[in-house]
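Chemist: Got a predicted structure here, sequence first:
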Amino acid sequence: MKGTVLYGPRDVRFEERPEPRIEKPTDAIIRISATCVCGSDLWPYRGIQKIAKPTPMGHEYCGIVEEVGSEVKSVKPGQFVIGSFFASDNICPHCHAGYQTSCQRREFVSTAQASILRVPLADGTLVATPGPSEDLIPSLLAISDVFGTGWFAAVAANVKPGATAVVVGDGAVGLLGGLSAKQMGAERIIAMSRHESRQRLASEFGATDIVTERGEGGVARIKELTGGVGADSVLECVGTQESMMQAILSTRPGGSIGYVGVPHGVELEGEKVFYAHVHLHGGPAPVRRFLPELIDLVWERKVNPGRVFDLVLPLDQVAEGYRAMDQRRAIKALLRP
Ligand SMILES: [Zn+2]
């Protein structure tokens, strides 16, 4: 079996790897139908997040079950399944509360850019669907992380019908955060983006306004667009100091911020946060909570989140997928074994 391994900054290799096998009775083995490169994969790819040794990559996946362990009851060989990037038992107190990415038994799924994948805690993690037609596969794959994460950003930002929502970040998660806000009934969706192709997609997904300014200028523009008030809901989908402060300062008193960009070097000033008077909620998106609902939206063709994949490559060209995203030639690369 071949899989993707990151050896160091900008050194991605597709190479022979041990074939995954059932290790625990709660495991499933799936044959990958499609996987992809995540914006968060670029942190170690660029060397910003250090890796100690060659590291297998990939945490977004959908595919066909090949084999299940003796205790697995909810999925069976031959079924098409989608799972989240954290395996979860879906029965512990944190799962019950809807925070499956904090599951007491969670395990990160980290070897999905390969042809075959072992998924732990299969009963709690995987959701089966009827076999999809080819054109639905990108959208079903998107649910596995990027759409689920954008959806959580909108949920955490408490987007309500009629609300004004701001999306900070024009990566795939930010774009799908905008689509999610639209589904939740936001009346005004302000996308912050400087890239024309991303602005177009944001508009297609429902953005009503585009703001190109950043930092203080960006905050001033949001205030101007909202009559000096600020936004009801802000989706922070980047994870830098600038993006986080931009989100906090763009939110109206009493408003909410959903932050899903993995923070890198973010330090919040207590006093600024105190006087901002905002709700701050985020973290690794509990995608498992939303899987059934998002699968239905895709099956009913009410949304087309797969539009974020603007590059499709055979899996053995995964290195080009990383390069294209690193150089911002592609929003997101889909990989087919
Ligand atoms: Zn759990």
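Modeler: Yep, it's here.
Chemist: Enumerate every residue touching residue 252.
Modeler: Residue 252 sits next to 226, 229-232 when contact means C-beta atoms under 8 Å, 6 or more residues apart in numbering. No exception for glycine: its C-beta is placed from N, CA and C like everyone else's.
Chemist: now do residue 112
Modeler: So residue 112 contacts 32, 35, 57-61 (C-beta under 8 Å, 6+ apart).
Chemist: May I have the predicted confidence score for the residue in the stretch 201-337 of the chain that the ion sits nearest to?
Modeler: Nearest to the ion, among the residues of the stretch 201-337 of the chain, is residue 288, at 9.1 Å (C-beta to the ion). What the model reports for residue 288 is a pLDDT of 98.
Chemist: Skipping its backbone neighbours, what lies nearest it in space?
Modeler: residue 100 (3.9 Å; C-beta to C-beta, 6 or more residues apart in numbering).
Chemist: ditto for residue 13
Modeler: In this structure, residue 13 finds its nearest non-sequential neighbour in residue 5, 5.3 Å apart by C-beta to C-beta, 6+ apart.
Chemist: My read is that the one you found contacts residue 51, right?
Modeler: No. Here residue 5 does not reach residue 51: they are 10.2 Å apart, not a contact under C-beta atoms under 8 Å.
Chemist: Kindly provide the distance from the most centrally placed residue in the chain to residue 18.
Modeler: In the chain, the centroid-proximal residue (C-alpha atoms, centre = their mean) is residue 146; its distance is 2.5 Å. Residue 146 sits 28 Å away from residue 18, taking C-beta to C-beta, to the nearest Å as the criterion.
Chemist: and what of residue 100?
Modeler: Distance, residue 100 to residue 18, by C-beta to C-beta: 28 Å.
Chemist: So between those two, which is more surrounded?
Modeler: residue 100 (28 against 7; other C-beta atoms under 10 Å).
Chemist: Check the gap between the more buried one and residue 287 for me.
Modeler: Separation of residue 100 from residue 287 (C-beta to C-beta): 8 Å.
Chemist: Please enumerate the shared neighbours of the two.
Modeler: Shared contacts of residue 100 and residue 287 (C-beta under 8 Å, 6+ apart): 84, 86.
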